[in-house]
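# Sequence and predicted structure below; questions after.
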Amino acid sequence: MDEIKRLIKLSREKKSSLHKKDFLLSWEQTHDELEQVLYLAEALKLMRAGNIDTRVFNNGLGISLFRDNSTRTRFSYASALNLLGLAQQDLDEGKSQIAHGETVRETANMIAFCAEAIGIRDDMYLGAGNAYMREVGAALDEGYQSGVLPQRPAIINLQCDIDHPTQAMADLAWLKEHFGSLDKLKGKKIAMTWAYSPSYGKPLSVPQGIVGLMTRFGMDVTLAHPEGYGLLPDVLDVAANNAHASGGSFRQVSSMEEAFKDADIVYPKSWAPWQIMQQRTELLRNHDLAGLKALEQTCLAENARHQNWHCSEEMMALTRNGSALYMHCLPADISGVSCEHGEVEASVFERYRIPTYKEASWKPLIIAAMILARKFANPADILAKRLEAAVPRICK
Amino acid sequence: MDEIKRLIKLSREKKSSLHKKDFLLSWEQTHDELEQVLYLAEALKLMRAGNIDTRVFNNGLGISLFRDNSTRTRFSYASALNLLGLAQQDLDEGKSQIAHGETVRETANMIAFCAEAIGIRDDMYLGAGNAYMREVGAALDEGYQSGVLPQRPAIINLQCDIDHPTQAMADLAWLKEHFGSLDKLKGKKIAMTWAYSPSYGKPLSVPQGIVGLMTRFGMDVTLAHPEGYGLLPDVLDVAANNAHASGGSFRQVSSMEEAFKDADIVYPKSWAPWQIMQQRTELLRNHDLAGLKALEQTCLAENARHQNWHCSEEMMALTRNGSALYMHCLPADISGVSCEHGEVEASVFERYRIPTYKEASWKPLIIAAMILARKFANPADILAKRLEAAVPRICK
Amino acid sequence: MDEIKRLIKLSREKKSSLHKKDFLLSWEQTHDELEQVLYLAEALKLMRAGNIDTRVFNNGLGISLFRDNSTRTRFSYASALNLLGLAQQDLDEGKSQIAHGETVRETANMIAFCAEAIGIRDDMYLGAGNAYMREVGAALDEGYQSGVLPQRPAIINLQCDIDHPTQAMADLAWLKEHFGSLDKLKGKKIAMTWAYSPSYGKPLSVPQGIVGLMTRFGMDVTLAHPEGYGLLPDVLDVAANNAHASGGSFRQVSSMEEAFKDADIVYPKSWAPWQIMQQRTELLRNHDLAGLKALEQTCLAENARHQNWHCSEEMMALTRNGSALYMHCLPADISGVSCEHGEVEASVFERYRIPTYKEASWKPLIIAAMILARKFANPADILAKRLEAAVPRICK
């Protein structure tokens, strides 16, 4: 109870403009704004654990638009809406008339008359996903200002072509929980490394989100990948600047071994080179199935040359005391389990399986916190009221 | 606040039997019943704007059955349910066993044990959609009377083969808002005209709904379309009789220019001739894909002969002071935007874009009002109680 | 009101461990546990009829996973969730990444962070459905015990390869309502008989559920089917042992006539022999479409030899006073209605149509009762509190 009050107080003390802007890229937010979201998420977690109803809305819709498959993000978003009292409504572009020449700005308004939040996952097209979210945002601003919409829904970036802010922030919340505080993250070595996977075309948003965010908190961030698997140059600049400003560091190395050496945290994950995503985007745009098939073959062949990028027990032994924290956004490609050769050795994954679940458990709370921070200038006061009212979530 | 009370009082004064019948065709309702729905919708709008929780149901389901694609109607219905506290549940005939020989009356009961509303869109089959809704209604009546169902759900016509009452009523609410009152609509000239579109097979329900409803309020309604694009004869009779009774007028002309001349309101929209819809219905019934393709070609070729039916700036210049209100149910076929040649010139649509959004914004409120009017003999008293309780929608 | 209190009291008096285990097979539950669920369901029914809000949860999710088509079960589950205040969220394996090598235990945790119930229908694979539910249950136990999940969701068996407990319990509730009490079921003759259907591959879960449950209440249960249409041997043993323990009887006969003779209740329904389901499972596993087609042909031909297994008026005349209660889980294959020759003669079905709807109407209540019994050690006290609070379901 006192801890909840403390967290609410902390979130209140942060200077934040999140109620005036959508959280589309973590590096567009101030340090205070990031902390505000973390504290709100922690407060929500404890309130729910204490059987306190966290609904801020007695009615209202939360809309989801998934342009790529999703289980965990879909359920994390639905859970976040439910925590706040919003009813989930999915915009299925298959069932809708969007394909029939509707413009984005029209659709954005048509679905939003009662909407408090719109969660979007659009990570397939490099250069398009984040831009699409901003286009929707501009349409919502116009609709709200011109009196079409009685409220301006929060846009939640559920993964775009550039960043995966709900994932990265959930990862940060998990690190804060695991190590005890944000201060304790200072100087911690985190290795964000590429890992081999038999699949291809995995988005860049996770590794970019991690190096873009963790460099904000004084961590020593190492990015490692085989030659030709680089991230977007702009994001690399962001990471370097962040590290410089936060007193941390950001370096790139070309072997998993080097990255894992003395690491406190490892995040081995497969992704496709951005140049490949660039080509893929073009092929998808042109519905060039033959081209896509050919590209896939090339990439899989190229990937196959790097099967040694494998989070094995030997690799883990290189980390600090051989016991670095293993992280993954899930699902991981587990060697001998979900595929023959994958990102991680089965025994390593099994040892860290429950921790990765806990890592994931922060996502609904982070999303709910982002909605609160976007919808209200004083989200801390809103939660304080719920805490005071102390309506039981379960009437037992 | 006083305005809300005034609207509730007005809706209370209307003599209505809407709690005993489904709102399936606007011309089956009395003038008082139409006004009751309008006032309830306006009251709901102001209550929500005033952060007053409009939930009348603490639990209960609202079911949707879409037999044609839909974005805006789907979200309008979901929003209406949410305004009243009902949870939306979609009956997806693909996922269901309906195709496996289930009878309508059985399904209607099986889905309705906890249902307070069932919204149906069924506009593909001429002669079938509205009839289907009545069949469902009869099954629900039997289920309720025989003690199978603890309540009789309201059926909401979300567009049928004959009428589109939620659209037409939303259009009326918008006209009332735009011109200031129902009285001020008397004598206003509205042009419901066909317009060219590169697509075909668009339902007749919108133009029929408009001429069937606007003739109730003393408006001078002009229907215009190329030869061979007529509406259902019965509906034309309805419009003529309505106009006679309301002191308005109803006339048909054969050119867009003539219809637009001195018009206060224009509603240019494409539709397929009912004779064509008749043939199309047969072909759909027989799954005659070749026949459908051939019919489409014939129709598109016929349509192409009428590209001059285009809501251009020149056309708009013919209207009263060149500034008639442009209306559309959306999405519109916008020349140079959503198609090469369409229903409306881009500059015209852009000038009236926000007004068409406002027009659409009335639909969730109209649907919610229709549910209230169907479920309760005294919907005004129900809203008055919510107003008195004044539970905040957002706990801030 | 007094009746509700009486039912709550009765459910309180039953010794139950249902809060510690999932209700996956009716024969794994004690007699007291079965009665507890019945009384809770009856109390919920009367509370709702009395316009008393039955929501126990102010927020929380209820997840559904359907691996086979469903209308009535889908809506029954959604209705049950709504009665308790839970928001339904469907896990569509098509839209999800489950196909991409995700493990069951991971998915179970990823979807359950805010889930209070997970309803699963998995009846296609003999030997797999019930096992899958237990696998999910074990994963949820681990997630809850290790602090990943703040609560342990109830698993609801919405039909598996072995049993259909929500159907059988709803059938029992209906029999209790129809005959007046559980005591009055003692000595009643119920005929669970195979019936001809032009389709094939219908699950064994309904007949197995019926003989497995009705033998618990001192009924004289007769199972009848053509040679080669046997049920799982284990379930037959369960039924025999139940009958012995309850003072009822269980016998198998080889003709519908013999089973219908002097029956008080008849339950004529088609199913596939378990040996066939065994083969079908293998073929489905191997995606052997040709094999499936061939098997279907063989089975339909075999079925066709038993068209005389038809619940005709003549057959009904053999029952006690020619007026046995006809039951069916729906949809029934009605001769001349949903097929040329089916399970039941049209006039018989029509006479019992409304009773079968009432039979079905118990399912949402049974599911809600099962969730309450699984989630709370003292479900009776929970309902008593809602009754005392007496919040109106509809604010009128």
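Received it, and whenever you're ready, just let me know what you need. Since the structure is predicted, the reported quantities are computational estimates derived from the model, not experimental observations. Numbers count the residues shown, from 1 in each chain, chains lettered A, B, ... in the order given.

# which outside residues touch stretch A:166-180?
A:26, A:34, A:37-38, A:41-42, A:73, A:76, A:156-159, A:182, A:185, A:188, A:205-206, A:209-210, A:212-214, A:217, A:265, A:267, A:325, A:327, A:329, A:355, A:358-360, A:362-363, A:365-367, A:370 (C-beta atoms under 8 Å, 6 or more residues apart in numbering or on different chains). In short, each C-beta sits where N, CA and C put it, glycine included.

# rerun at 7 Å
A:26, A:37-38, A:41, A:156, A:158, A:182, A:185, A:188, A:206, A:209-210, A:213, A:265, A:325, A:327, A:329, A:358-359, A:362-363, A:366-367 (C-beta atoms under 7 Å, 6 or more residues apart in numbering or on different chains).

# pLDDT weak spots in the stretch 51-200 of chain A?
Across the stretch 51-200 of chain A, the ranges flagged by pLDDT under 70 are A:94-102.

# Just the ones of the contacts of stretch A:166-180 in helices?
Residues of those located in helices (DSSP state H): A:37-38, A:41, A:206, A:209-210, A:213, A:358-359, A:362-363, A:366-367.

# returning to what we had before: among the contacts of stretch A:166-180, which are within reach of chain C?
A:Lys358 (C-beta under 7 Å from any C-beta of the partner chain).

# Would you check that A:Ile52 makes contact with A:Glu388?
No. Taking C-beta atoms under 7 Å as the definition, A:Ile52 is not a contact partner of A:Glu388, at 9.9 Å.

# what ranges do the helices span in chain A?
A:2-13, A:31-49, A:72-84, A:104-110, A:129-145, A:165-179, A:205-214, A:233-246, A:256-260, A:274-285, A:289-304, A:313-317, A:346-375, A:379-389.

# Does chain C have contacts with the third one?
Yes. Helix A:72-84 comes into contact with chain C (C-beta under 7 Å from any C-beta), by way of A:72, A:75, A:78-79, A:82-83.

# Could you dump these into JSON lines with distance to A:Val148 and neighbour count added?
Formatted as JSON lines, the residues of helix A:72-84 next to chain C follow (distance: C-beta to C-beta, whole Å; neighbours: other C-beta atoms under 10 Å in any protein chain shown):
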{"residue": "A:Arg72", "distance to A:Val148": "34", "neighbour count": "23"}
{"residue": "A:Phe75", "distance to A:Val148": "31", "neighbour count": "25"}
{"residue": "A:Ala78", "distance to A:Val148": "26", "neighbour count": "29"}
{"residue": "A:Ser79", "distance to A:Val148": "30", "neighbour count": "27"}
{"residue": "A:Asn82", "distance to A:Val148": "27", "neighbour count": "25"}
{"residue": "A:Leu83", "distance to A:Val148": "28", "neighbour count": "29"}
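
# ok, so of the ones in helices among the contacts of stretch A:166-180, who is nearest chain C?
A:Lys358 (5.7 Å; C-beta to the nearest C-beta).

# How about the closest one: what's its closest non-neighbour residue?
Once flanking residues are discounted, A:Lys358 sits nearest to C:Val148: 5.7 Å by C-beta to C-beta, 6 or more residues apart in numbering or on different chains.

# gap between A:Ile52 and A:Arg393?
Separation of A:Ile52 from A:Arg393 (C-beta to C-beta, to the nearest Å): 6 Å.

# which residues touch A:Arg67?
Contacts of A:Arg67 by C-beta under 7 Å, 6+ apart are A:121-122, A:124.
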